[in-house]
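Engineer: sequence plus predicted model, see below.
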Amino acid sequence: MDKHIYMDYAATTPVDPEVVAAMLPFFSNEYGNPSSIHRWGQRADYAITTAREEIAGILCCEADEIIFTSCGSESNNLALRGIALEARELNKGNHLIISAIEHPAILRTAQQLQKHYAFDVTILPVDQHGFISPKDLTNVIQPDTFLVSIMYANNEIGVIQPIAELAAITHEHNILFHSDAVQAAGQLSLDTEKLGVDLMSVSAHKFYGPKGVGLLYAKRNTLSHSHQTGGSQENGLRAGTQNVPLIVGMATALKIVSGRQSHDNSKMKVLRDKLIESVLDNISESILTGHRTCRLPNNASFAFEGIDGNELLMHLDLLNIAASSGSACKTGSPEPSNVLTALNLSPKLSLGSLRLSLGRDTKDSDIEYIQQVLPKVVNNMRGTL
């Protein structure tokens, strides 16, 4: 088979040709530094201002509440570390809450704040589907809690959290709420007003934009501490010359994906369900990880008994199928991911994970090919054929 089937859109997406076209002038003709006062700089600054306003319109927030960063991980770092250090300085509290299925950019930042800055950290458990209980959140809130950070949709198992409900609980206690929306962006609404978030992280390469650029939404007067000092860019919250072409590309990609979200989601959901049903029906000792329906429309994640997930990826790659074993950040690691461990799966079963994530270019024929070859690969690896 000459065709390559890409089923790892959760890791990254190809850049939309319209996005490339929008970026190109800012690599060549419009190369000014947006901090310069001459006309070249003014044109670059105008491009950033326009991009910021376009993104703010989609996020239903003010333009000055958008902070451009290099990626989702940096956005998460800025949110947690910035709010924590501000809370320390203003004596607003010493306790933050995250969930057990957060991305390492949240988990490891919280662990560093705990180890090196003596902050108290509570890690909320999840149920067998990966859901966080609003009751559990209420029960762990302390008088000195200053921040709760819960991801919008999980990057490994696709489960979608009740963010608006969780945020409302924190606000009842005058606590800030942050959400890592990196995996959700492009597939779910980013309306910050309806979600009720105070801070939210997004990364462009998850929705057909360029790698190397992201954003942090920070509600006005919420964040005043930067984790990268230097110049006064991004309202003094993120020093460094802005990456004009990539910022323009992110705004363009977000506009495009927002306009076609309903159509793409409907298509992917049909293909996703077809894939899930086929795998569960035709591969013994397989389970779906995450909730059956309350999951991202492009996410199909499994665990197979008696299978090494990384070895499975190599077999699929030889058959021209690109997939992932959980998060892209975990691929190649012999340890079970924190997400699958949080679901109380056995270590052996967790190591047999497979994530197949669809995109706008996924076709029926792609799913049919996977339906044909995946059971054979798994059975061969188990020595049953």
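Structural biologist: Happy to help now that I have it.
Engineer: residue boundaries of the strands in the chain?
Structural biologist: For the chain, the strands identified by DSSP state E occupy 5-6, 66-69, 95-99, 120-124, 145-149, 176-180, 199-203, 214-218, 286-288, 299-304, 321-322, 353-357, in order along the chain.
Engineer: any idea of the mean pLDDT for the last one?
Structural biologist: When you say that, I think you mean strand 353-357. Averaged over strand 353-357, pLDDT sits at 97.
Engineer: who does it touch, helix- and strand-wise?
Structural biologist: For strand 353-357, the contact count by 3 or more CB pairs under 8 Å, 6 or more residues apart in numbering; DSSP states H and E identifies strand 299-304, helix 309-318 as packing neighbours. Any C-beta I mention is one placed from the backbone N, CA and C, and that applies to glycine too.
Engineer: Leu124 is nearest to which of those?
Structural biologist: strand 299-304 (20.6 Å; CB to CB).
Engineer: pull the CA atoms of the closest one into CSV?
Structural biologist: These are the backbone C-alpha positions of strand 299-304, laid out as CSV (Å, rounded to 0.1, in the frame of the first residue of the first chain):
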residue,chain,number,x,y,z
ASN,A,299,-10.5,10.5,19.7
ALA,A,300,-10.6,6.7,19.8
SER,A,301,-8.3,5.3,22.5
PHE,A,302,-7.9,1.7,23.6
ALA,A,303,-5.9,-0.7,25.8
PHE,A,304,-5.1,-4.2,24.7
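Engineer: name the helices or strands packed onto it?
Structural biologist: With contacts defined as 3+ CB pairs under 8 Å, 6+ apart, strand 299-304 has these neighbours: helix 244-282, strand 286-288, helix 347-350, strand 353-357.
Engineer: try 6 Å
Structural biologist: Contacting strand 299-304 under the criterion 3 or more CB pairs under 6 Å, 6 or more residues apart in numbering; DSSP states H and E are the following elements: helix 244-282, strand 286-288, strand 353-357.
Engineer: need the strands of the chain in TSV (columns: distance to Ala253).
Structural biologist: Conversion of the strands of the chain to TSV gives the following (distance: least, CB to CB, whole Å):
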stretch	distance to Ala253
strand 5-6	18
strand 66-69	14
strand 95-99	28
strand 120-124	32
strand 145-149	25
strand 176-180	19
strand 199-203	11
strand 214-218	12
strand 286-288	30
strand 299-304	20
strand 321-322	21
strand 353-357	17
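Engineer: now those strands as JSON lines including mean neighbour count and distance to Gly41?
Structural biologist: Written out in JSON lines, the entries for these read as follows (neighbours: other CB atoms under 10 Å; distance: least, CB to CB, whole Å):
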{"stretch": "strand 5-6", "mean neighbour count": "20", "distance to Gly41": "39"}
{"stretch": "strand 66-69", "mean neighbour count": "25", "distance to Gly41": "16"}
{"stretch": "strand 95-99", "mean neighbour count": "24", "distance to Gly41": "39"}
{"stretch": "strand 120-124", "mean neighbour count": "17", "distance to Gly41": "43"}
{"stretch": "strand 145-149", "mean neighbour count": "24", "distance to Gly41": "36"}
{"stretch": "strand 176-180", "mean neighbour count": "28", "distance to Gly41": "33"}
{"stretch": "strand 199-203", "mean neighbour count": "30", "distance to Gly41": "26"}
{"stretch": "strand 214-218", "mean neighbour count": "28", "distance to Gly41": "22"}
{"stretch": "strand 286-288", "mean neighbour count": "18", "distance to Gly41": "52"}
{"stretch": "strand 299-304", "mean neighbour count": "26", "distance to Gly41": "42"}
{"stretch": "strand 321-322", "mean neighbour count": "19", "distance to Gly41": "41"}
{"stretch": "strand 353-357", "mean neighbour count": "27", "distance to Gly41": "40"}
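Engineer: ok, back up a step: how about CSV for the helices and strands packed on strand 353-357, with mean pLDDT and distance to Gln242 added?
Structural biologist: Rendered in CSV, the data for the helices and strands packed on strand 353-357 read as follows (pLDDT from 0 to 100; distance: least, CB to CB, whole Å):
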stretch, mean pLDDT, distance to Gln242
strand 299-304, 97, 32
helix 309-318, 95, 37
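Engineer: any chance of these in a markdown table with distance to Leu354 as columns?
Structural biologist: Output for the helices and strands packed on strand 353-357, formatted as a markdown table (distance: least, CB to CB, whole Å):
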| stretch | distance to Leu354 |
| --- | --- |
| strand 299-304 | 5 |
| helix 309-318 | 6 |
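Engineer: so which of those gets nearest Phe131?
Structural biologist: Comparison of the helices and strands packed on strand 353-357 against Phe131 by CB to CB identifies strand 299-304 as nearest, at 14.9 Å.
Engineer: could you check the angle that closest one makes with strand 353-357?
Structural biologist: 160 degrees (axes from the mean of the first three to the mean of the last three CA atoms, to 10 degrees).
Engineer: other residues contacting strand 299-304?
Structural biologist: By CB atoms under 6 Å, 6 or more residues apart in numbering, the residues outside strand 299-304 that reach it are 157-158, 272, 275-276, 279, 286-290, 349, 352-357, 378.
Engineer: for the residue nearest to Pro143 when sequence neighbours are not counted, which residues are in contact?
Structural biologist: Using CB to CB, 6 or more residues apart in numbering and skipping the chain neighbours, the partner closest in space to Pro143 is Gly93 (7.9 Å). Contact criterion CB under 6 Å, 6+ apart gives 87, 144-146 as the residues in contact with Gly93.
Engineer: pull the distance from the helix or strand bottoming out on mean pLDDT in the chain to the chain's centre.
Structural biologist: Least confident helix or strand, the chain: helix 347-350 with a mean of 90, by mean pLDDT, DSSP states H and E. Using CA atoms, centre = their mean, to the nearest Å, we find the averaged C-alpha position of helix 347-350 to lie 24 Å away from the chain's own average C-alpha position.
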